[in-house]
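S.K.: could you look at this predicted model? Sequence included:
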Amino acid sequence: MKLTLICTEISDHSLDHHGMKMVMPETQHAGCSSSRWWTCPLPPHQVRALEVWLLRSRQHSLRLPSVWYELDKLQKGQAVEQIARYIKTLRALKPPSMQGNKVSATNGGPCRDVRVSTMNLFGPFVDVHAFHRCLTGNTTNPDAVTEAYGDAVFNVHARIYDIRFTHGDLGAQNILIRDSKVAAIIDWECSGWWPEYWEYTKAHYNEWRCPPFYEMLRERISRSRYDEELTAERELWEAIDRPLDKKGWKAP
């Protein structure tokens, strides 16, 4: 059975069921349709031809940034607690045995992420180091990495990381709130098997949308933060964001 997630653009007041879709791998590998594993709030679904289509038509939900300042302190804390639990759930999913240390989409194929490319698919990558080379514009010389992007990037990219299942765009703009609670997490087209820090750093990619939420989330997950990696990523966002949009090279 495949799990197909419908990833669409939404307004602050309504959802449109038209848009991009991403086909996930066998559910026994992804764990996404198993009630034993999957406790993240997903929109209503129905089964068609052994595929699960997540329909997000006209839910009475709003993006978190549009309601954050209307929530009281307790409600904000509860929303942050929910998101922290969902992140923990995702990270507990085990990759397929053939995944190894490969960075890929959920089905093992090419990745999608606007942090790396606006439109193009890229990868998969044989390991995290190959992915890091992509982030630095295919720079292979360690000294050149330090010279171009600084010690923070060099030090982070020299480390060894595990692979974790990752939403890949878990910013405030993709968290829907209904009745003061998290109703759904949307836009899963960037999900896949990414370096363990990627969920944390990528969530901050649009931090400007709701800074107080990120501050509370950092406090809540203080034991599993990747602040050095976030510092390195911010250096890269400034120096070479969306490297595959640059002319003259392709991802390895």
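M.R.: Yes, it's here.
S.K.: what's in contact with stretch 97-108?
M.R.: With contact meaning Cβ atoms under 8 Å, 6 or more residues apart in numbering, stretch 97-108 is reached by 22-25, 30, 96, 110-112, 123-128, 130-131, 162-163, 165, 191-195. Yep, even glycine has a C-beta here, placed from its N, CA and C like the rest.
S.K.: of those, grab the buried ones for ChimeraX.
M.R.: With 16 or more other Cβ atoms under 10 Å as the burial test, the buried ones among those are selected in ChimeraX as follows:
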select :22,24,25,30,96,111,112,123,124,125,128,130,131,163,165,191,192,193,194,195
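S.K.: now do the contacts for the residue sitting nearest the centre point of the chain.
M.R.: Closest to where the C-alpha atoms of the chain average out (Cα atoms, centre = their mean) is Gly168, at 1.1 Å. Counting by Cβ under 8 Å, 6+ apart, Gly168 makes contact with Asp113, Trp188, Glu189, Cys190, Ser191, Gly192, Trp194, Trp198, Glu199, Lys202.
S.K.: just give me the closest of those residues to Ser224.
M.R.: Glu199 (9.7 Å; Cβ to Cβ).
S.K.: ok, that closest one - contacts?
M.R.: Here Glu199 is in contact with Ile87, Leu90, Arg91, Arg164, Thr166, His167, Gly168, Leu170 (criterion: Cβ under 8 Å, 6+ apart).
S.K.: what about the fifth one, how many neighbours?
M.R.: Under the neighbour criterion other Cβ atoms under 10 Å, Thr166 is assigned a count of 27.
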